[in-house]
Every structure is written in C-alpha cells, then in structure tokens.
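Undergrad: structure, please.
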Amino acid sequence: MKDIYLNKDDFFKYGYCVVRNVLNEDEILEYKKNIKRISEEVNAKVVVGIHNYKEYWNIIAHKRILEIVRKILGNEEIKYLYSAATRHEGKGSWPYSWHRDNPCRIFGKGADWNEKEIYNCVRVGVYLSSYDEIRSGLNVIPGSHIKRYSLSNILRIFHHKTKASDNFIFKKIRNGFEKIIGKNIKTNPGDCVFFLAHLMHAGIPPSAMRDAIFLTYGTDNVHAHNYINYWVKHRPTDTDGQVNEPRKNIEEMKEFLIKNNIYLPIPKEKIFIDGVSIPK
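TA: Numbers count the residues shown, from 1 in each chain. The predicted structure is shown next:
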C-alpha cells in the first residue's frame with residue numbers, strides 16, 4: 001500500500017491523500033494508552049479539544065505530519081486550527097453518515113465557497129487500529145469539495161436518514177452506496193489520511209474497539225480564521241460536553257505553538273460567518 005495523491009495538484013483535485021506508516025510502533029502504543037486512559041477518565045468515547053491535554057501536544061506538532069501538510073498545500077507556513085479530537089469507540093457506537101467538517105457545509109453556500117481565497121483547511125485522521133481486525137479507516141467521496149454531485153446528494157440524504165436503522169434491506173443498500181459513490185480507505189496502525197475539511201467523508205463503521213486521532217491545519221487566511229472561530233466560539237462544546245475551546249495551560253500552549261511555528265490567535269468573541277451550519 002503506497003502513498004496516494006501526495007502532491008499539491010492531486011490533493012486539491014481529489015480532496016485527500018493517504019500516507020502509510022507515519023507513526024512508529026512506540027508512538028502508536030503511547031497514543032493508544034493515552035486515548036484509553038483519558039477517555040475513561042472523562043467517560044467519553046469522543047474527546048474533543050485535545051490541545052487541553054499536554055499528552056497530545058507532540059502529535060499536534062508531529063514533524064512528519066507537519067511536513068506532509070506543507071507538501072500537499074505547497075506552503076511552508078501552516079497553522080494549527082484548534083479542532084482536534086480522539087475517538088475510542090466500538091461496534092455500533094457511532095452512526096455512519098457522510099458529512100463535511102467545515103463551517104459552511106451546504107455546497108456552494110457561504111464563506112467557505114468563496115473562490116477569491118483558496119480553501120485549504122486540512123483534516124488529518126491518524127489511525128491506530130487495523131482494518132483487517134476491526135475495519136479501521138475512512139470512506140470519502142473524491143472530488144465532492146469541487147462538484148455538487150446531485151445524484152450523490154440524493155443518495156447521501158437516504159444514507160443519513162437510515163443511518164441508525166438495523167433493517168437488513170437498508171443496511172444492504174447503504175453498503176452498496178459505499179461502493180458506488182464512496183471510496184473506502186483501509187488503514188493500519190500509524191497510517192494517516194489527509195483531507196480537505198469540505199470533502200464529503202464518513203468513518204468506516206468499526207467491528208470492534210478502534211482508536212484514532214483527528215487534527216486540523218491550514219494557512220493564515222480567512223478560511224483558517226473562520227474555522228477557528230467556528231470550532232472555538234460557535235461550537236465551544238461538543239460530544240459528551242467536551243470543550244473545543246482551550247481552557248488549560250493556555251499561555252504555555254501558546255508558547256508551544258509559537259515555538260513550532262503553527263500558532264494562530266483565537267478570536268475573543270464569536271464572529272458572524274456567512275452560511276455557517278451547526279449540525280444537530
């Protein structure tokens with residue numbers, strides 16, 4: 001399994017790339033241990049705002065991850081965008097549905113779709129489990145960040161409406177959609193998927209307990225500032241009452257991000273974003 005679309009032109013064409021073995025075995029074991037401990041400590045399958053935990057600072061500034069983001073964006077000045085989470089979840093714990101992670105999730109509507117400044121907010125899925133063992137990975141709709149895909153949207157709506165159903169026929173149809181309009185990216189421990197935040201995607205439903213980390217980066221432009229504003233001010237709390245907003249070790253965190261040249265300031269107040277969408 002080789003790197004896929006690891007260059008700027010292909011990354012922006014398809015909306016994602018895959019890089020294998022980004023983390024070594026020691027790092028994989030360390031993060032799995034931290035994820036399990038902190039998830040149990042806060043009693044949450046999904047822990048957001050992981051910058052509030054110093055145990056994760058080295059993954060936020062991971063040298064190899066930052067190198068890849070710089071390469072696929074064709075820009076040396078990338079920044080951390082304060083949207084980061086861990087997932088420690090098992091079979092059936094998270095309904096499967098395609099979605100976008102950007103502030104303006106309806107295609108073509110809102111500030112994210114303004115072509116005057118290129119949209120380059122990048123999500124990074126860091127996978128710590130095996131596809132063969134528990135179906136670890138991500139399903140993406142390539143090109144869905146630049147094309148409306150009217151048929152795909154119809155299928156996606158059906159997919160979303162039936163995501164919690166255990167009906168055998170519905171499940172067979174959903175699995176068919178996965179292959180018709182989506183692409184399964186099968187991952188092993190240490191693999192990373194880099195994708196634009198406005199690309200349609202969904203986690204592959206795991207068959208057993210899986211661990212993963214999600215991070216976000218971009219360049220110092222209007223989209224990055226909207227992204228930070230959205231996740232920190234429009235959505236200050238998320239699943240299970242966890243907080244996206246930095247609330248611990250704030251000054252020390254700022255110094256750490258500055259030292260690694262990935263710092264962008266957080267707005268003091270919530271700022272209006274044209275076309276913003278808050279999922280229910």
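Undergrad: my guess is residue 45 contacts residue 87. True?
TA: Yes: assessed by Cβ atoms under 8 Å, residue 45 is found in contact with residue 87 at 6.7 Å. From N, CA and C alone the C-beta is placed, and that goes for glycine too.
Undergrad: which of the two has more residues huddled nearby?
TA: A count of neighbours by other Cβ atoms under 10 Å puts residue 87 above the other of residue 45 and residue 87, at 25 against 15.
Undergrad: any idea how far the more buried one is from residue 103?
TA: Distance from residue 87 to residue 103, counting by Cβ to Cβ, to the nearest Å: 21 Å.
Undergrad: shaky segments in the stretch 1-150 of the chain?
TA: By pLDDT under 70, the weakly predicted segments of the stretch 1-150 of the chain are 1-3, 5, 92-96, 149-150.
Undergrad: all helices of it, in order?
TA: Counting by DSSP state H, counting those that start in this stretch, the stretch 1-150 of the chain has helices at residues 8-14, 25-42, 57-60, 63-73, 131-134, 150-161.
Undergrad: got CSV for the ones you listed, with distance to residue 191 and mean neighbour count too?
TA: Listed next are these as CSV, based on distance: least, Cβ to Cβ, whole Å; neighbours: other Cβ atoms under 10 Å:
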stretch, distance to residue 191, mean neighbour count
helix 8-14, 16, 16
helix 25-42, 10, 15
helix 57-60, 14, 18
helix 63-73, 12, 18
helix 131-134, 9, 15
helix 150-161, 25, 15
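Undergrad: make JSON lines from these and add distance to residue 265 to it.
TA: JSON lines is the format used below for the helices of the stretch 1-150 of the chain (distance: least, Cβ to Cβ, whole Å):
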{"stretch": "helix 8-14", "distance to residue 265": "27"}
{"stretch": "helix 25-42", "distance to residue 265": "26"}
{"stretch": "helix 57-60", "distance to residue 265": "16"}
{"stretch": "helix 63-73", "distance to residue 265": "19"}
{"stretch": "helix 131-134", "distance to residue 265": "39"}
{"stretch": "helix 150-161", "distance to residue 265": "35"}
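Undergrad: quick one: which of these is nearest residue 270?
TA: Of all the helices of the stretch 1-150 of the chain, helix 57-60 sits nearest to residue 270, with 23.7 Å by Cβ to Cβ.
Undergrad: hey, C-alpha coordinates of the closest one in PDB?
TA: Extracted as PDB, the C-alpha positions of helix 57-60 are listed here (Å, rounded to 0.1, in the frame of the first residue of the first chain):
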ATOM      1  CA  TRP A  57       1.000  18.200  22.200                       C
ATOM      2  CA  ASN A  58       3.600  16.200  20.500                       C
ATOM      3  CA  ILE A  59       1.100  14.800  18.000                       C
ATOM      4  CA  ILE A  60      -0.200  18.300  17.200                       C
END
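Undergrad: what's the offset of it from the middle of its chain?
TA: Centroid separation between helix 57-60 and its chain, computed with Cα atoms, centre = their mean, to the nearest Å, is 15 Å.
Undergrad: do stretch 188-202 as well
TA: 6 Å.
Undergrad: over to that stretch now: how far is its first residue from its last?
TA: Taking Cα to Cα, to the nearest Å as the measure, stretch 188-202 stretches 17 Å from start to finish.
Undergrad: what about it, average pLDDT?
TA: Mean pLDDT, stretch 188-202: 96.
Undergrad: buried ones in it, by neighbour count?
TA: Of all the residues in stretch 188-202, those buried under the rule 16 or more other Cβ atoms under 10 Å are 188-202.
Undergrad: sweet, I'm off.
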